[in-house]
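In: Need coordinates for the below:
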Amino acid sequence: MKYKKTIATLAIAAAFGTGIVLADNNSWQGSPNLSHTRSIIDQLGAKLTAQSNQITSLSTQTTTAQNQLTDAQNNVANMQSQLTSLQNQLAQAKDQLTQANNQKQQELQQKQQEIQQKIDEINQKIAEGNQKVADKQKELDNVQTQLSDANNKASQLQNQLNDAQQKLSEANNKNSDLQKQLDNALQDAKDTEAYAQSVLNAHQ
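Out: Have a look, this model is predicted:
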């Protein structure tokens with residue numbers, strides 16, 4: 001809504017900018033430029049719509065990337081916890097190994113190998129998870145850069161619209177002054193006409 005209001009303001013400013021009311025010659029030159037002004041409005045409206053859509057899209061992409069990053073980080077933390085738990089189990093198994101008989105030692109060695117295999121698998125998954133986290137962070141950084149660029153462009157356009165608003169305000173002030181002059185001149189003409197009529201009436 002704010003963009004639409006600003007576009008309308010800029011359009012009027014464009015009309016007054018090229019066809020402003022001039023107090024010097026008491027002429028109005030803005031009407032022939034209304035078609036061109038509408039074209040400018042359409043172009044600016046399209047640019048603002050595209051800019052808004054791009055910003056919305058980038059924001060959505062950033063949110064998605066951030067969610068994916070959070071999920072990946074949670075997965076890494078979960079696997080790290082599992083790894084710690086398995087490492088504790090491995091330590092306990094080693095303690096039991098020193099106290100067990102040969103048969104138990106063989107069983108514990110088998111268990112140790114199985115645990116180590118799981119640890120290796122978890123370490124592999126952690127490495128893959130870290131790579132995914134790095135990839136998602138890179139994607140997020142890229143999206144944030146694009147979003148920053150889009151915000152800068154939007155800010156520049158807003159500055160242009162503000163400048164147009166200022167020009168419109170100046171044009172309206174000039175129009176108001178000219179209207180007052182015209183009203184005064186019209187009133188003087190009426191008074192003069194009435195005076196002339198009174199002179200004629202006095203000599204009939």
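
In: For the helix or strand containing D95, name the packing helices and strands.
Out: According to DSSP states H and E, D95 maps onto helix 34-99. Under the contact criterion of 3 or more CB pairs under 8 Å, 6 or more residues apart in numbering; DSSP states H and E, the helices and strands touching helix 34-99 comprise helix 2-18, helix 102-202. Using the backbone N, CA and C atoms, a C-beta is placed for each residue, glycine as well.

In: quick one: it to chain centroid distance?
Out: Relative to its chain's centre, helix 34-99 lies at 18 Å (CA atoms, centre = their mean, to the nearest Å).

In: same thing with stretch 123-141?
Out: Counting by CA atoms, centre = their mean, stretch 123-141 comes out at 27 Å from the chain centroid.

In: Could the C-alpha coordinates of that stretch be exported in CSV?
Out: C-alpha atoms of stretch 123-141 as CSV (Å, rounded to 0.1, in the frame of the first residue of the first chain):
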residue,chain,number,x,y,z
ASN,A,123,32.4,-40.4,12.5
GLN,A,124,31.7,-40.7,8.8
LYS,A,125,28.1,-39.4,9.3
ILE,A,126,29.5,-36.6,11.4
ALA,A,127,31.9,-35.7,8.7
GLU,A,128,29.1,-35.8,6.1
GLY,A,129,26.9,-33.7,8.5
ASN,A,130,29.7,-31.1,8.9
GLN,A,131,30.0,-30.8,5.1
LYS,A,132,26.2,-30.3,4.8
VAL,A,133,26.3,-27.7,7.5
ALA,A,134,29.1,-25.9,5.6
ASP,A,135,27.2,-26.1,2.4
LYS,A,136,24.0,-24.8,3.9
GLN,A,137,25.9,-22.0,5.6
LYS,A,138,27.4,-21.0,2.3
GLU,A,139,23.9,-21.0,0.7
LEU,A,140,22.6,-18.9,3.6
ASP,A,141,25.4,-16.4,3.3
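
In: and it, which residues are buried?
Out: K125, I126, G129, K132, V133, K136, E139, L140 (16 or more other CB atoms under 10 Å).

In: from the helices and strands packed on helix 34-99, which stretch is densest packed?
Out: For the helices and strands packed on helix 34-99, average neighbour numbers computed from mean count of other CB atoms under 10 Å are highest in helix 2-18, which has a mean of 18.
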